[in-house]
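Novice: Sequence and predicted structure below; questions after.
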Amino acid sequence: MISTLTPPRTVTYREALREALFEEMEADDRVIVMGEDVGKYGGAYAVSKGLLERFGDRRVIDTPMSEALIVGAALGAAVVGGRPVAEIMYMDFVTLTMDALVNQAAKLHFMFGGQLSAPMVVRVQQGVGRGAGAQHSQSLEAWFAHVPGLKVVAPSTPADAKGLLKSSIRDDDPVLFIEHKGLYARKGTDPGREHTVPIGVADVKRPGVDVTVVAWSNMVHTALDAAELLADDGIDVEVIDLRTIAPLDMQTVLASCRRTGRLLVAHEACQTGGLGAEIIAQAAEHLHGLLHAPPRRIATPDVVLPANTTLERALVPDTDAIASAIRDLVRS
Amino acid sequence: MISTLTPPRTVTYREALREALFEEMEADDRVIVMGEDVGKYGGAYAVSKGLLERFGDRRVIDTPMSEALIVGAALGAAVVGGRPVAEIMYMDFVTLTMDALVNQAAKLHFMFGGQLSAPMVVRVQQGVGRGAGAQHSQSLEAWFAHVPGLKVVAPSTPADAKGLLKSSIRDDDPVLFIEHKGLYARKGTDPGREHTVPIGVADVKRPGVDVTVVAWSNMVHTALDAAELLADDGIDVEVIDLRTIAPLDMQTVLASCRRTGRLLVAHEACQTGGLGAEIIAQAAEHLHGLLHAPPRRIATPDVVLPANTTLERALVPDTDAIASAIRDLVRS
Amino acid sequence: MFAPNPTMAATETDTETLSRLYRELLRIRRAEEGILELLLKNKLSSTMCHVSIGQEAVAVGVCDALEPDDYITSTHRGHGHFLARGGAMSALMAELMGREAGACRGRGSSMHLVDASIGHLGSNAIVGGHIPIATGAALWTALRGEHRVVASFFGDGATSEGIFHESVNFAAVQRLPIVFVVENNQWAMSLPWAKSTAQQSIEVKAEGYGIAGVDVDGQDVLAVRTAARDAIGRARRGEGPTLLGLSTYRFLGHSRADPSSYRDKAEEEKWRLRDPVLLAHNLLMAHDFDEEWFEQVDRDIAAEIAAAIEIAENSPPASIGEVFSDIYATPLEGIR
Amino acid sequence: MFAPNPTMAATETDTETLSRLYRELLRIRRAEEGILELLLKNKLSSTMCHVSIGQEAVAVGVCDALEPDDYITSTHRGHGHFLARGGAMSALMAELMGREAGACRGRGSSMHLVDASIGHLGSNAIVGGHIPIATGAALWTALRGEHRVVASFFGDGATSEGIFHESVNFAAVQRLPIVFVVENNQWAMSLPWAKSTAQQSIEVKAEGYGIAGVDVDGQDVLAVRTAARDAIGRARRGEGPTLLGLSTYRFLGHSRADPSSYRDKAEEEKWRLRDPVLLAHNLLMAHDFDEEWFEQVDRDIAAEIAAAIEIAENSPPASIGEVFSDIYATPLEGIR
Ligand SMILES: Cc1ncc(C[n+]2csc(CCOP(=O)(O)OP(=O)(O)O)c2C)c(N)n1
Ligand SMILES: Cc1ncc(C[n+]2csc(CCOP(=O)(O)OP(=O)(O)O)c2C)c(N)n1
Ligand SMILES: [Mg+2]
Ligand SMILES: [Mg+2]
């Protein structure tokens, strides 16, 4: 279809994040950015490029290699009035920050009788795609869905990334903001300046009637590709992008399943104990007798990820694997 | 029933653990114990009392307050030939050791092409019961079920505690050994010297035909008490004690559910993202159409635990709560 | 390293200050004795309770040197820090008894005290867990040019935690306005200071971070106050952090269940002679404060504590309903 | 802190040693140049690859001072440590190319090298993650009275990690036979050493832990070797750990994608003059080694590398099947 209108601007996921940071820092001088190599280097995945030059080293702080301190100090700054956005370079290094996140940030508001709160964001990046190996490729979102007091988001598109980052920065609770190394270069519509996306609301990225596929982060695109493939076979797939990992928007998921009668959850994290388990469990609890087929998960098997792009590709569910899982589901 | 036989000796859970340590240390001089206050103090929950006196300070090592080091150094000792048993005083402090456990110990065998292995045990203690509050009461086993390469156990009785600790020490992989502060004083049959319990095998603690209840650690006893209550009402409950958290023995669980047609998982960890999700999910995947009622979880709600025994008691599922959940399940 | 000497040095003759400090030392001592009584009567809501009896001069000397706008963070052994910073006696007692009138509305008990209105940013049950929080508060206040100072109290044991190192190192690089107060009571549970570290001088440790450090008699409230004022002054002038090493002693067990059987009785007795309350008392006597004055202080304190316990007892127990609604500061529609 | 001087000190005239060291320096240099070529040809199995060009004297000087039974642990920038310790060239190349003949059977790539048979306990992609492992190995070997020594290599950046502190502190308290080798290449990605810490002398840092420490020219392979021998000797004699500070420089970017635009070109050039390979070369020339000798060394090394790459290319790619069976060392019945 040819149009005479100017096409909407497109941006990459990386640019969308950077714009959200720029705009929020401009709008609110309490917003600061801190982490390893976030300044002149511009962040390991180049998200914070240009921030130092624009906002100076009082608001864009290169820290020593001290992950626990980064999150703990962000929390301290948040408690006394700041709105820090801390960056932890790889999700795998979040292992070094668990006390600050889990025992401190998540608990502080309740534990201290509501006197303190922690308006902070911790940006991390996870997932496969670079053969980065066992210690640089893990997807660990499920842990944080099991920590009351945290909010956790994992956007899949530039628009959602921008909108959710803005909402996360404006939120008064600690938000773990999960990016994916495979998404930074992905393009999408530029949602413009004032776009926000509410935390806690899933998004139907593709409506369909035959089967509900739930995914988040990079896996949303694999699921959408699978859905395209299957459209040719006359299978009409609904793809739900969770967007928020905690708190889960199960209303949207359950409503969809009630319509389609079939549920597949696709995720990159290893299967056992992944977030898929929670989604399937809630579906089983709430949809007894309403599903036409057993609910299913497709996920990376319970392995240690090799630093080897060939093996990596063979392990993580791809378009074909998801498509074939959906076919099985629809047939059964 | 009166018997003329000598009754079997009983031991507490604490004594059973201590005996396992004693016996394994006597049998194998590669077994060492390390952690905070494990020496003269005998451990915060008195499990290692007497070990220092018997084995000396080369095999019973009081460390500084350095949790990450404790687990990391245990790993280092394991790699070069030791069989260390490290103690982390509260599960909540495992947050400080996640790199060593998750990125290192769990991954090392595979990552290094099988050249190295990590025959080590990390003993921790979790759960409520002392009004110990948000940072000393968490149950976090679900995180570790999501980490390929770890083995995780959580025994509920003295005999299982002893048998599993021995198996864990003899195992060539890293084992997270989860105790519960409410269990140490609990008495049970002394299984004797050579008793071991295999990792990865659940135990039917009470056979029954009407409903399957899956629990582990302290919650097993609450479930058994609930089962006793319900026996009077003619409801015959099967209680499965998982014993091992990872790898899960779902064969035993699924076989039971096939017989009873009803499944309840009871756990102390907060509900969302807990291990109950995985169990329900696998049941839903494998038992479609075979359950007479929706599978159910009963767990602590998604809250930050207060340091207040009254509130604590009101939040964590007790015998009555489990009994009434079972009643609902049987009726539906 | 500091070697304790038998008497308190009368380096300061300002008796107004000294009497204020004495009153505060005794107030904390009596409050904790009161808490131990409540504990024996089973009136506490939690089984966790660590008193700081013997260590009061640390809390009192440091807090006396702070300005109202400054911040503190504190430990599992934090009753003294809370009171010395100006926390209400009733908020403490009610918290320990699990009441709504408590500092944390009865949810935190002994290890979690807080009063944001006086810059008390919370005590923490994770040893070392609050040190980066204090550092972050210092970072923020420095970035804003507010001239506030943060004092972070922690024990000798905490210095072995990685987060101590990361925090001090970062504060040093950024020259943050923070005083790291090492409340060195010689023991971390059963671990003596000599087994916590092979370098027992805090001053030398500080050099390893390129910052100021001192080893001070932590039983001498005047010496503590003087050293704290120096450190706080440096911080406020933008000269960066200080490691303030204060040698003190925990007179009782680590927690209520601990008979300290790992300690040498002679060591205990030696330190008992250096009771900070007694030392201040003696110095006041030397400055001609009379029995009547001391008795009046006793009475005032006893009355305050009794009133606080009464307020606590009349306060409703912590509410279960808000356990659910208070998890998030910004609740979301989506939550169930 | 060490200030680099323009030439290498001929403190040692043992030309046999010097020629051995030179050969090893060049071997590592050429191997990494070869790796960069493979990278450009897209022959590596992973996108992660950090070369140590410019830093070779650290690996070579330290490893030369170790005994066969000793242990090392290494970093994300560990090709040099692996080769200097005696790892096979073909195991390195095959690992990077994702082949079964690789050190980790093609599963680890550049950041995970290992060879248990020569006491190489693994390199690590978590900065600092291996330091406690090294410490634990030292603990074990000390407990057993084995007289082995552990050398743990890590960068300047790693010294800010909490686990560095916990490890050094514990090793100091226990007087463990370990050498903490600070491979200080002045930068942690874009962070200069001066922003990593306010105390840039490793010797002074060591005092903070109550252990020995030295600041040494890390471009002078003889100086490195001498300091390492001292430290290893102390460790082996039961005199405890050393912090061995070696000043060096990474000539290229942090990783392949990094143009190091945060660095001053003048600084880079200054350090280029202190190329460890060149310095050793010059010293050998001063000791009358001739062109022919150098050419022969070049040829030997080129042949070794070519042969290694051929072995790698002929090795089957890492097998997918064992990704499942090799998760546990003791597989269990119950696993699915
Ligand atoms: C991270 C962490 N590890 C262990 C504990 C258990 N614990 C509580 S207090 C304590 C000793 C603390 O020693 P120190 O820091 O010297 O403070 P003190 O109790 O002497 O005041 C220990 C081991 C804890 N609460 N947190
Ligand atoms: C715990 C951790 N934090 C961050 C990183 C990302 N990272 C990899 S290398 C590096 C810099 C390391 O600096 P240094 O220790 O000096 O070693 P160098 O790279 O200079 O050899 C960073 C930030 C990591 N791998 N691990
Ligand atoms: Mg102490
Ligand atoms: Mg470096």
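Specialist: Happy to help now that I have it. Ligands and ions are numbered 1, 2, ... in the order given.

Novice: Can you list the low-confidence ranges for chain C?
Specialist: Along chain C, segments meeting pLDDT under 70 span C:1-13, C:333-336.

Novice: Just give me the residue closest to the centre of it.
Specialist: residue C:81 (3.2 Å; Cα atoms, centre = their mean).

Novice: Against chain B, how distant is that residue?
Specialist: Separation of residue C:81 from chain B (Cβ to the nearest Cβ, to the nearest Å): 17 Å. C-beta: built from backbone N, CA, C; applies to glycine.

Novice: again with residue A:167
Specialist: From residue A:167 across to chain B, the span is 21 Å (Cβ to the nearest Cβ).

Novice: isn't there a strand covering that residue?
Specialist: No: applying DSSP: H, G, I helix; E, B strand; the rest coil, one finds residue A:167 to be helix, outside a strand.

Novice: any idea which element the residue nearest to the centre of chain C lies in?
Specialist: Applying DSSP states H and E as the criterion places residue C:81 in helix C:79-84.

Novice: same question, residue A:85
Specialist: Per DSSP H and E: strand A:83-87 holds residue A:85.

Novice: so, in contact with chain D or not, that strand?
Specialist: No: Strand A:83-87 stays clear of chain D (Cβ under 8 Å from any Cβ of the partner chain), getting no nearer than 12.6 Å.

Novice: Who are the packing partners of that strand?
Specialist: Applying 3 or more Cβ pairs under 8 Å, 6 or more residues apart in numbering or on different chains; DSSP states H and E, one finds that strand A:83-87 contacts strand A:31-35, helix A:67-79, strand A:121-126.

Novice: Relative to the whole chain's centre, how far out is that strand?
Specialist: 16 Å (Cα atoms, centre = their mean, to the nearest Å).

Novice: Also stretch A:27-43?
Specialist: With Cα atoms, centre = their mean, you get 20 Å for stretch A:27-43.

Novice: repeat for stretch C:163-182
Specialist: Centroid separation for stretch C:163-182 versus its chain: 18 Å, with Cα atoms, centre = their mean.

Novice: That stretch spans what distance, first to last residue?
Specialist: Across stretch C:163-182, the terminal residues are separated by 14 Å (Cα to Cα, to the nearest Å).

Novice: picking that back up, so which of the helices and strands packed on strand A:83-87 is the most packed in?
Specialist: Greatest average neighbour count among the helices and strands packed on strand A:83-87 goes to helix A:67-79 (a mean of 32), per mean count of other Cβ atoms under 10 Å in any protein chain shown.

Novice: quick check, that helix touching ligand 1?
Specialist: No: between helix A:67-79 and ligand 1, judged by Cβ under 6 Å from any ligand atom, nothing touches; the nearest distance is 11.5 Å.

Novice: same for that helix, what does it pack against?
Specialist: strand A:31-35, strand A:83-87, strand C:120-123, helix C:131-143, helix C:162-174.

Novice: List, one by one, the residues from chain C near chain B.
Specialist: Residues of chain C lying near chain B (Cβ under 8 Å from any Cβ): C:45-48, C:98, C:106-112, C:124-129, C:157-158, C:160-162, C:188-191, C:195-197, C:261-262, C:317-318, C:320, C:323-324, C:327.

Novice: List buried residues within those.
Specialist: C:45-48, C:98, C:106-112, C:124-129, C:157-158, C:160-162, C:188-191, C:195-197, C:262, C:317-318, C:323, C:327 (16 or more other Cβ atoms under 10 Å in any protein chain shown).

Novice: so which of those residues are also by chain A?
Specialist: Restricting these to contacts with chain A (Cβ under 8 Å from any Cβ) yields C:106, C:107, C:108, C:112, C:124, C:126, C:129, C:162, C:323, C:327.

Novice: These also near chain D: which ones?
Specialist: With the criterion set as Cβ under 8 Å from any Cβ, the members of those near chain D are residue C:162.

Novice: Counting neighbours, what do you get for the nearest residue to residue C:331 once chain neighbours are set aside?
Specialist: Leaving aside its chain neighbours, residue C:331 sits nearest to residue C:325 (6.7 Å; criterion: Cβ to Cβ, 6 or more residues apart in numbering or on different chains). By the measure other Cβ atoms under 10 Å in any protein chain shown, the count of residues near residue C:325 is 12.

Novice: now the longest helix seen in chain A and strand A:121-126, what's the angle there?
Specialist: When secondary structure is assigned using DSSP state H, the longest helix within chain A turns out to be helix A:13-27. Angle, helix A:13-27 to strand A:121-126, by axes from the mean of the first three to the mean of the last three Cα atoms, to 10 degrees: 170 degrees.

Novice: Could you name the helices and strands sitting against helix A:13-27?
Specialist: Looks like helix A:13-27 contacts strand A:31-35, helix A:51-55, helix A:158-170, strand A:187-189 (3+ Cβ pairs under 8 Å, 6+ apart).

Novice: Please enumerate the helices of chain A.
Specialist: Under DSSP H, chain A gives helices at A:13-27, A:51-55, A:67-79, A:98, A:106-111, A:141-145, A:158-170, A:219-231, A:250-260, A:275-286, A:309-315, A:319-331.

Novice: winner for burial among those helices?
Specialist: Of the helices of chain A, helix A:67-79 is the most buried (mean count of other Cβ under 10 Å), at a mean of 32.

Novice: Just the C-alpha atoms of that one, please, in PDB.
Specialist: The C-alpha coordinates for helix A:67-79 follow below in PDB (Å, rounded to 0.1, in the frame of the first residue of the first chain):
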ATOM      1  CA  GLU A  67      28.300  -4.500  41.300                       C
ATOM      2  CA  ALA A  68      27.000  -4.900  44.800                       C
ATOM      3  CA  LEU A  69      27.900  -1.300  45.500                       C
ATOM      4  CA  ILE A  70      26.300   0.000  42.300                       C
ATOM      5  CA  VAL A  71      22.900  -1.400  43.300                       C
ATOM      6  CA  GLY A  72      23.300  -0.700  47.000                       C
ATOM      7  CA  ALA A  73      24.400   2.900  46.400                       C
ATOM      8  CA  ALA A  74      21.600   3.400  43.900                       C
ATOM      9  CA  LEU A  75      19.300   2.400  46.600                       C
ATOM     10  CA  GLY A  76      20.900   4.800  49.100                       C
ATOM     11  CA  ALA A  77      20.600   7.600  46.600                       C
ATOM     12  CA  ALA A  78      16.900   6.700  46.000                       C
ATOM     13  CA  VAL A  79      16.100   6.600  49.700                       C
END
